[in-house]
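[1] Give me a 3D structure for the following:
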Amino acid sequence: MSVDIDPRKLRGPWNDGYALDFHTLSSVFLGHDAYGHPKFDTKRSPVGDLIYRLKYGKDQEAVPELIAAIMKFWATWKPSIDIVIPVPPSNLARQNQPVLAVAKELGARLDVPVHTTSLTKNKGTPELKNVFGYDERMEALEGAFSVVADKTAGKRILLFDDLYRSGATAGTITEVLKGEGKARAVYLLTLTRTRSNF
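    The predicted model follows:
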């Protein structure tokens, strides 16, 4: 099954970067439920729907469809990379880590190693979807990541994540990879991005 994508260029300190599509296409507030929680009628992009199925429905069948979407885009983008580094998860309690699952399959398809320990989190950070101010995000990310430089020095790295919101996390990691990690180049690929950036 072919998944429709609408790639979007992402600007930042990386050498080149893209999101395959928007995460949601629209979201209409419907009111509050019986517990006072807001309810929305949300329409997701095809890629956004696959991520939702994988992350919250634990639907592993979404992984090959996401890989197919990535490979469709990769056929035109084609950056030369040596390794894939997935962005470390904010929610370590989640048993199903969609970014890791997709990154491992992507590495297998591209025939490049996936490094899950070359970039580590030094401290717990809140899930940044709940931190709305850019300055607050940057403060939460200060000193949050470290890199094993002998694994990244001189390498062309694909930094991979599921959602691009403000670019704070990806920008911080890119600077760590290029500075401390002495990476030759960093390319960013995210599955989706928000409709508005913070």
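[2] what does the helix ranked longest in the chain rub up against?
    The longest helix of the chain (DSSP state H) is helix 62-77. By CB atoms under 8 Å, 6 or more residues apart in numbering, the residues outside helix 62-77 that reach it are 1-3, 5, 7, 16, 18, 20, 46-47, 50-51, 53-54, 101-102, 105-106, 109-110, 189, 191. C-beta: built from backbone N, CA, C; applies to glycine.
[3] what's near enough to touch the residue at minimal distance from the centre of the chain?
    With distances taken as CA atoms, centre = their mean, Asp161 lies nearest the centre of the chain, 1.5 Å away. Asp161 is in contact with 86-87, 99, 169-170, 188-191, counting by CB under 8 Å, 6+ apart.
[4] same check, this time on Ser118
    Applying CB under 8 Å, 6+ apart, we find Ser118 in contact with 83, 85, 147-148, 151-152, 181.
[5] How about Pro86?
    By CB under 8 Å, 6+ apart, the neighbours of Pro86 are 99-100, 103, 114, 116, 160-161.
[6] Likewise for Asp162?
    51, 55, 98-99, 102, 190-192.
[7] Also Ile5?
    Contacts for Ile5 (CB under 8 Å, 6+ apart) come out as 20-21, 46-47, 69, 72-73.
[8] how long is stretch 34-49 from one end to the other?
    26 Å (CA to CA, to the nearest Å).
[9] hmm, who's touching stretch 40-50?
    By CB under 8 Å, 6+ apart, stretch 40-50 touches 3-6, 20-30, 52, 62, 65-66, 69, 191-192.
[10] Using ChimeraX, make a named selection holding only the buried ones among the residues you listed.
    Here is the ChimeraX command that picks out the buried ones among the contacts of stretch 40-50, judged by 16 or more other CB atoms under 10 Å:
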select :3,5,20,21,22,23,24,52,62,65,66,69,191,192
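[11] Looking at the contacts of Asp162, which one is closest to Lys121?
    Using CB to CB, Val99 comes nearest to Lys121 of the contacts of Asp162, at 13.1 Å.
[12] related to what we said a few turns ago, I'd like to know which of the contacts of helix 62-77 are buried.
    3, 5, 18, 20, 46-47, 50-51, 53-54, 101-102, 105-106, 110, 189, 191.
[13] ok so, going back, and the contacts of Ser118 as CSV, adding neighbour count?
    Below are the contacts of Ser118 laid out as CSV (neighbours: other CB atoms under 10 Å):
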residue, neighbour count
Ile83, 19
Ile85, 29
Val147, 23
Val148, 14
Lys151, 17
Thr152, 25
Gly181, 26
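[14] picking up where we left off before, and the longest helix of the chain, how far out from the chain middle?
    In this view, helix 62-77 has its centroid 14 Å away from the chain centroid, taken as CA atoms, centre = their mean, to the nearest Å.
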